Every structure is written in C-alpha cells, then in structure tokens.
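Asks: Sequence and computational prediction follow.
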Amino acid sequence: MADSVVSFVLDNLSQLLKHEASMLVGVEDDIKSLYIELIQINQFLQDSKGKREMVKDLVSLIRNVAHRAEDVIDRYVINMAKHKRRNMLKKFWHSLEHTTMLRNVAKDIRRIKNEIATIYSSRERYGIEDKGAHNDSLEKRRALNRHRSKVEEIEVVGFVNDFKTVMDMLSKTDLCLDVISIVGMGGIGKTTLAKKIYNSKLVKERFDCCAWVNVSQEFETKELLLNILRNVAESTEGMYNMNEDELAEETRKLLQGTRYFIVLDDVWDTEVWDGIKDAFPDNLNGCRILVTSRLNEVALHLSRAPPYSLRILDKNNSWELFSKKAFRGEVCPPRLENYGRKMAEKCNGLPLAIIVLAGQLAQRERSTRIWSQMADKVSWYIENRRGRCLDILALSYEELPPHLRPCFLYFGMFPEHFEITARQLIRLWIAEGFVLKDQSRKIEDVAEKYLEDLVDHNLVMVSRWRCDGGVKSFFIHDLLHDLCIFECRQENFLAVLTDEVFTTSATSTSTDTTIGTRRLSTHCSTPKFFNSVHYDSSRVRSLLCFGDPCELSIKNFRTLYKEFQLLRVLDLGSTMVLGVPTKVEELIHLRYMRMNAPQLSEIPSCISNLPKLQTLDLRESKIKYFTKNFWKMQRLRHLFVSGDCDLPVMHRKKEVKPMRTLKTLSTISSNAAYLLEGDTVFPNLRKLGLQASRSSSYSQTKMAKPNFSSVRILKIMEGSHFLSHEGALPSSLTKLTLVQTKIKLPIFEMLAKLPNLEILKLLKRSLAEESIDCKGGWFPALQVLHLVELDLKKWTFQQIKMQNEAQKWITHDRDLMQSLRYLLIRKCRELTDIPEELKRENVQYEFQS
C-alpha cells in the first residue's frame, strides 16, 4: 500500500512542478528536494519487495510520511489558488498571512524530509537481507497453506456435477498428454474436488501411476520433482543428491510407457510448470495432469483447454456441509435448524467459510441461546476468527502486486452484496490516482487490465459480461468484503459510517473510526451524515454515499467545501441535491463528481470552474444546457447527462480551446452536432450519444454533417439524418446503437459494410423496413446483434452458389455473418423465426416474440 501512496505523491509533485510553476513561488526548491527524497524512498520500497513482513513497521512509517507530504502539498495548492483569485488590494491585505503560510509550508516540508532521511538511513538496521526473518515469514505461509488444505479436505459436499464434468474431461478419448485445470477463489473447494477425483475408484482403475503434489506459493523446483519421484518410486539416497535436470530426467524415465495421473495442487506461478514440464513424457496413451489454482492466467498457461471454474455452493448444499461439520454426522435438532440454515446462508456458498464457522459451533453448547446469538453476529464472528478464515483468504490479497492492492481494498467502499459497475469503478480508480500511467495505452485501458487481473485472481465474482467480452458488473463475496474492511482498518485506508455508528457516537465525541482516514463511505442518511460532528473530514479525499433516497439542502452542501477541502471524489448516490452553492468551485482537487440534481436546468459555472474535474456524471439530473464556462473544463474525460442537453453556442470554433482529453460525451442534444464537424473541438472523442433535439433553436442542426472519425462507440436516438450522407460512419466504429431512428435500406447497407462493427443494437423502431435480404460479405466482424421492437416481418439471406469439385452448383452460408456469436430478437411480433443460416452451433440466440 505504501508503494501506491508514494507513487501517487510523486506523480502529483511531478505535475505540479511541470504545469503549475507559477504557484510554487517561495517553496519551489523545497518541493523539488522533497520530490528527490520521495524518489529515493520509492526505490527503497522497491528493494524491500518480498521482505515486507519484517519491515512492516517501517513501511507503515513511509505510508504515513507520504500521506503527510500529500496533505501539505494539497493544502498549499488550495491556499495558493485562493490567493491568486484575490484582487491587488486583498493580496496586499493578506500579504502577512500569505508569507506565514509559505514559511510554514517550507518548515513542514523540511520536517518531512528529515523523517524520510531517518527512515532511509535505517535500511541496514532493519536487516532487509536477513534470511532468517524471511524464513520465518516463509514458514508462517507454509503453515497457513497446510491449514488451508486441512480445512478444505474435511468434507466433500455439492460436487456431484463438478466431479462428473472434470472426470469426463479426464476420460476423453484423446490419447495425447493433457492438462486439466480447476480454478476458483480461495476456500471454494478446489483441493477438495481434486482429492475426491484423485481418490476415486475410476482414477485408480484407469491409471497405472498416480501422484499428488502440493505446490503453494513458495515452491522450489527441486522439491517438487523430488515429491513426484517419491510418489512413483521408492526413495533412495541418490535421488537427494541429484540436481533439477537429473531429477527431471529420472522422473521422465520412470513415467515412460505408463499411463500416469499427476495432481499439482495450489499452483500460483507459471514458472512452476516451466520448471517441471520436461519430467512428463507424452506416452500417447491418455496420461493426464490435474492442476488447481486461484489464477486463471496460470491455468491458461498450463492447459490448451479452458479451465474449469468452480462455483459456490447453493443453499441446500451449504446447509448439508454445515450440518455435517457442526453435528459430526448426527442429525440437527429441529430447534436449531432455522438458526443453522441462516448461518450457512450467510456464508454465501463458500465451503471454507462454512467449514470454519461450523467447526467452531461444533465446540459450543447446542442451545437456542448460543445459536441465536451466533446467527445474529456470524459475519463479525468469521472476521474475528481471522486466524482460521480470513488469513486463508488473505493469501490471495498478500500475493497481489502493489498496484492492485488499493484497487482491491477500494471494494470496501461499497456495501455488501452491492453490484459494482465496472466502468464506473474504473473512473473512480483513475480519479483516486490508483492507475499508473502508461505512454503506450489509454489510462482507461490500463485500469480495465487491473480489473481483469483481479478477476483472474478470483477475487471478484463477475455477474454480467459486456457484449465485447469485458466485465460489465460484479460482486464481492461477503468474506472477501470482510477481508477488505479488515485490511482497510489496518491501513487506515477508509472508514464506513452506518446508522449504527451514529447511534453509538450520539453519547460520545469520539471519532476514532475516522481519524486520519482518506476515504469515507456512508451507508446511512446523507443529511444525517452532513449534520453530524462525529467524523474527521480533515484528510478525506473521497466521499461515496449509499444511503436511501433523500433530499440534500444547500446548507448541507456547504459542508462539503468547508469540511472536505481536499476532496477528489464525490458520489452522492441517490441523494437529491436541491441546489449547488457557488463556493463548490473551491474544491479545486475534485476529479470525480456524480450527483442527482433534478431541480437544476443548467450546469452552474461553479462546477465548470473545477480545474481538475475528469468525470462529471449527471445522468439522474434534468440538465438542459451548459453555460459558456463549459469550455474551461480542459481536463474533463467523461461527461454524462440525461439526453436533451445543449452545449454552449459557438459562433466560431476558434473561440474555444479544443477539449483534447474528452473521451465520453453522452447523451447530448443533436443541436450540438455542428460542433462535431471536423475534428477541432473534440479530437479524441471515443464514445458519443446523440438525441434528437425537441427544439429547433439552432439552424445548424439539420445542416450539420458531424465527423465521427474518432468515435468507436456511438448511440443515436431519433436522429437518422446524421447517417444520411456518404461516409457518415467511420470504418473504425465497433459498436452502434440506434433507437427510434427509422432508418431505410440504404443506411442499413452502409452499416452492413462497416469492416470493424462488432456490436449492433437496433431498438424500438430504429428500422423502417419490413423486409431485409442480407448479402454475403455483409457485417464481416459482427459478433453481437440485438433486434428489439422492430416492425420486421421477413429476414432472409441471399444464397451464395459455387461449383464443387464435381462441377456441380451448391449453396452454402460462407460469409453470412460468420463472426456472429450472440443474437437477440425480442418483441419483433411479425418475425416468426430466426433465419436457418444463423442456426449454427457457435451462435447463441434468444428469440422472444
């Protein structure tokens, strides 16, 4: 975690030195020297990777120092911005105050530099190269792995279908050596299933030679080869004197000609396979290797076939496992069953959690009093039995690279069972500064790769996929959420405020849960939160609100710029904002703003004056237009409004500076289409939504021929005239959604010839034709097609005729949407069936008349 904090402060200072030199008068040299000191301490952190257990206190000191440096710089920037806004008279009047501020900043920076120097000089004293300390940490992990395997192997419940599927994979007729992988989050039962397969009668009868090898994170290739060798032959003194190559060769000789079955349990690294694969000969007689791993990337590296993903248990199997462990084979007394089922259900199908909790209940009195108490606090209980459960799950967290750890901990900002939208989360990560810049890729792409990595680590449960194969939304398992909260408390990463917290605080002035925290997540009434004094907001960078819908007055809103001056992220959720005070523009660090302001018809200038704003999400508001200050938002990357929203009128495009950072503009009025002529105003726009204007205030609208050349994702509602001219859509377009556009055949043919179009959605009378005859070669890249509420009656394909080798004419469906993978037809009442040409094995389709 300290790594990401220091990296962010370094980036912040770099941008400040590069772009805001005028604001550094009086402290520029101090800030430059602080920058150099932080580079040095960042290198220290890189050098200590893999040894963090023994320098844990030191890393904590570094994190705290970096946070203080960040606070000093951010407050300095606020004060300088305030000073710049003053007129000459006020600057003179506040000159003494300003000089004192500069002196204090310089003093604070020197104090921080001294602390950094002290930390850096303690490298040798902390003995980073001390192997003994490292071995202690290694032994701790190995003990944890042994405990995990012991817990996972206790009971086998709910794996009937999984067992059959994997056995079928092992028993397929292909005689070549094959590797089958089982993947899933920690504690889901991978080892249990593998052990059930390994011990099965079918495996013993099918294979001549079987071996089970525990791998874990801290593997040694020689030790793995020795374990395999000991499984297939008697131990000899000579084998312990062999090197890795000799052990691999000896194993290969012993396995030659046999039909063997090897289990590699708990593989964390692709290097495991690379180091031992030469020991396994392909005897062309059906040899198999079974691998379990938490990481999809490992499974994909080892196996040609897709890995088998193990899913959580359903309610019935959860209860069966729980009762077996809690009552050790006895029948559950009826008086306890209701409590037991509730507790089993709260474990959300994770076998490890069920076994750990039931194992503890097995030691307790079987009374309704004890069981009802446990049922009320099961999540708390699991969390506080950290050594038994969360430590096991924490293995996955501890193995994350430093840049992914804050991204994972950020899940703690969301309530349990909350479905998290991937793209919203990515924008939040970027605003927080978690995503490292990459010159070769857009920052959103880098962030999406972070999320994919967390999916591969089985730390999130994907609930919906996008049409293009990306993650659309996901959940966090309750126990992993508990892990997030636990780690966040240790790191002072975030605090969660609930109604219970405010009730507890009502008779106390304590703010222990929020002192010094950088992020606040409120799961209570938003006005109650703003009216309370029981929290520390002095260092808060992010505020996310998840309370029930309610109204937020201007008075409450004033609390933001008074108490949360360092805020970078503001998401007010479903809270209805009744007004926005002008002084909100003083939140100069704000990068992300999402709010619901139904009474606002225009975006106030104070929001347009926020200099660092990257994302402005007003989809739940009814904004009709922006003021001319909109063109000041030169760092804006994503703008979301509700639809019929006008941008400020420009009589000449040279009047404004191009908004080069803007990537998303959705959904705006078609009145603004003239701004898209050429590529001067929004040269890097990637996602655009246009809705036909309900007014005719701009004469340019109907004449406009917008240039969509940079756009990759386009949505048009009721505005087909944009598509009527030649070359209206760029060849680079990958996704197109049309709603109520009533396009005719010529435009449809233009869409059909787009070479890179992968997703097409025609919704609510977007097509004026009742009959379409598709030609060969149309839609060459189309993978997803949605047809919803169209008047389409007939959909045919022109047959392509070719001569075969016997010179006979035959028809075939080559080039008829050959890339198509998913087809949805809904409420097209006149269309009776899907064309036969699309009823292929590789096409999934849904037809709902």
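Replies: Nice, I can see it.
Asks: Is Gly689 in a helix, a strand, or coil?
Replies: strand (DSSP: H, G, I helix; E, B strand; the rest coil).
Asks: And Glu345, by the same measure?
Replies: At Glu345 the chain is in helix, as set by three-state DSSP.
Asks: That one contacts Ser318, doesn't it?
Replies: Yes: the criterion here is Cβ atoms under 8 Å, and Glu345 meets it with Ser318 at 6.6 Å. C-betas here are computed from N, CA, C, even on glycine.
Asks: next structured bit after the longest helix anywhere in the chain?
Replies: If you go by DSSP state H, the chain has its longest helix at helix 56-85. Using DSSP states H and E, the next helix or strand after helix 56-85 towards the C-terminus is helix 88-93.
Asks: Counting by contacts, list what that following helix packs against.
Replies: Helix 88-93 sits against no helix or strand, with contacts defined as 3 or more Cβ pairs under 8 Å, 6 or more residues apart in numbering; DSSP states H and E.
Asks: What angle do helix 56-85 and the following helix or strand past it make with each other?
Replies: Downstream of helix 88-93, the next assigned helix or strand under DSSP H and E is helix 95-121. Here the directions of helix 95-121 and helix 56-85 differ by 160 degrees (axes from the mean of the first three to the mean of the last three Cα atoms, to 10 degrees).
Asks: low-scoring stretches of the stretch 301-450 of the chain, by residue?
Replies: Applying pLDDT under 70 to the stretch 301-450 of the chain picks out residues 356, 359-360, 379-393, 395-396, 399.
Asks: where along it do the strands fall?
Replies: Using DSSP state E, counting those that start in this stretch, the strands found in the stretch 301-450 of the chain span residues 308-309, 420-421.
Asks: same check, this time on the stretch 651-800 of the chain
Replies: Along the stretch 651-800 of the chain, counting by DSSP E, counting those that start in this stretch, strands occupy 664-669, 687-691, 713-717, 735-739, 759-763, 771-774, 784-788, 794-797, 800-803.
Asks: Quick one: closest of the ones you listed to Asn707.
Replies: Among the strands of the stretch 651-800 of the chain, the nearest to Asn707 by Cβ to Cβ is strand 687-691 (10.9 Å).
Asks: What pairs with that closest one, parallel or antiparallel?
Replies: Take DSSP bridges as the rule and strand 687-691 pairs in its sheet with strand 664-669 (parallel), strand 713-717 (parallel).
Asks: As JSON lines, the ones you listed with distance to Arg230 would be great.
Replies: JSON lines is the format used below for the strands paired with strand 687-691 (distance: least, Cβ to Cβ, whole Å):
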{"stretch": "strand 664-669", "distance to Arg230": "59"}
{"stretch": "strand 713-717", "distance to Arg230": "57"}
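Asks: Find the centremost residue of this structure, please.
Replies: Leu451 (3.5 Å; Cα atoms, centre = their mean).
Asks: Report the secondary structure element holding it.
Replies: Leu451 belongs to helix 443-456 when assigned by DSSP H and E.
Asks: Which positions within that helix qualify as buried?
Replies: By 16 or more other Cβ atoms under 10 Å, the buried positions in helix 443-456 come out as 443-444, 446-448, 450-451, 453-456.
Asks: How about stretch 318-334?
Replies: The neighbour-count check on stretch 318-334 (16+ other Cβ under 10 Å) flags 318-327, 332 as buried.
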